[in-house]
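# Sequence and predicted structure below; questions after.
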Amino acid sequence: MIYSFQNSAFRDSLTGLYNEAYFMEIFNREWHRLMREQDALSFVIVNPHIKTLDENSKVGFQIVAKVLEKSVLRATDLLSRFHDNEFAVGLFNLNENGTNTIIQRIYDNLDSISDELYKLNIHVSIGALNVLPNNDIDLMNIIRSAKELAEAAYKENKQGYKLEYYQCH
């Protein structure tokens with residue numbers, strides 16, 4: 001029998017993306033590496049504002065997952081299903097400008113299937129934080145802040161994003 005990475009324990013069964021546990025393990029490792037290297041990373045939450053309770057919603061969620069896979073191109077970037085109905089992206093060795101470029105690529109790719117998204121009533125909002133890791137920053141605050149940015153972007157535009165540089169308080 002040939003081992004399949006697609007069906008392994010670190011993949012989400014609906015999307016084929018990494019699952020949340022694997023994402024957090026790798027993100028934490030990269031966090032500490034970038035702390036040593038004194039380089040930045042970005043944590044991105046992509047929220048398609050759908051529940052995956054019925055087949056149409058699951059199809060819509062899978063469509064957004066494929067767009068994200070197509071948009072996140074660097075081998076070092078990390079993409080996963082996050083919580084139940086969101087996606088998380090880890091962008092390593094990247095500043096705000098680079099993060100903005102990737103988010104714009106995501107929206108360009110979403111625009112190419114906008115009719116399909118409209119039919120499924122999917123509105124994608126994104127919250128992103130660019131961070132210079134250090135020991136004083138709690139990763140849970142990063143996640144919470146990115147989710148809040150995605151929600152604020154949705155309230156402003158339904159299909160928008162907010163990107164901020166995270167400062168430790």
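Yep, that arrived.

# can we go C-alpha only for contacts and neighbour counts from here?
Fine.

# quick one: pLDDT of residue 51?
On pLDDT, residue 51 comes in at 87.

# Kindly report the same for residue 147.
At residue 147, pLDDT is 97.

# Can you show me the strands along the chain?
41-47, 78-82, 86-92, 125-131, 161-165 (DSSP state E).

# For the first one, which strands pair with it and how are they oriented?
Listed by DSSP bridges, the sheet partners of strand 41-47 and their directions read strand 86-92 (antiparallel), strand 125-131 (antiparallel).

# ok, and which of the ones you listed has the densest surroundings?
strand 125-131 (a mean of 27; mean count of other CA atoms under 10 Å).

# so it versus strand 161-165, what angle?
Orientation of strand 125-131 against strand 161-165 (axes from the mean of the first three to the mean of the last three CA atoms, to 10 degrees) gives an angle of 10 degrees.

# still on that earlier bit, okay if I get the strands paired with strand 41-47 as a markdown table plus mean pLDDT and distance to residue 162?
Putting the strands paired with strand 41-47 into a markdown table (pLDDT from 0 to 100; distance: least, CA to CA, whole Å) gives the following:
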| stretch | mean pLDDT | distance to residue 162 |
| --- | --- | --- |
| strand 86-92 | 98 | 14 |
| strand 125-131 | 97 | 5 |
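
# Now for this protein, the helix or strand with the poorest mean pLDDT.
helix 114-119 (a mean of 89; mean pLDDT, DSSP states H and E).

# Below-threshold pLDDT in this structure: ranges please.
1-7, 167-169 (pLDDT under 70).

# in it, which spans are helices?
20-37, 55-71, 96-111, 114-119, 139-157 (DSSP state H).

# Could I get those helices in JSON lines, plus columns for distance to residue 10?
Below are these laid out as JSON lines (distance: least, CA to CA, whole Å):
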{"stretch": "helix 20-37", "distance to residue 10": "6"}
{"stretch": "helix 55-71", "distance to residue 10": "16"}
{"stretch": "helix 96-111", "distance to residue 10": "24"}
{"stretch": "helix 114-119", "distance to residue 10": "28"}
{"stretch": "helix 139-157", "distance to residue 10": "20"}
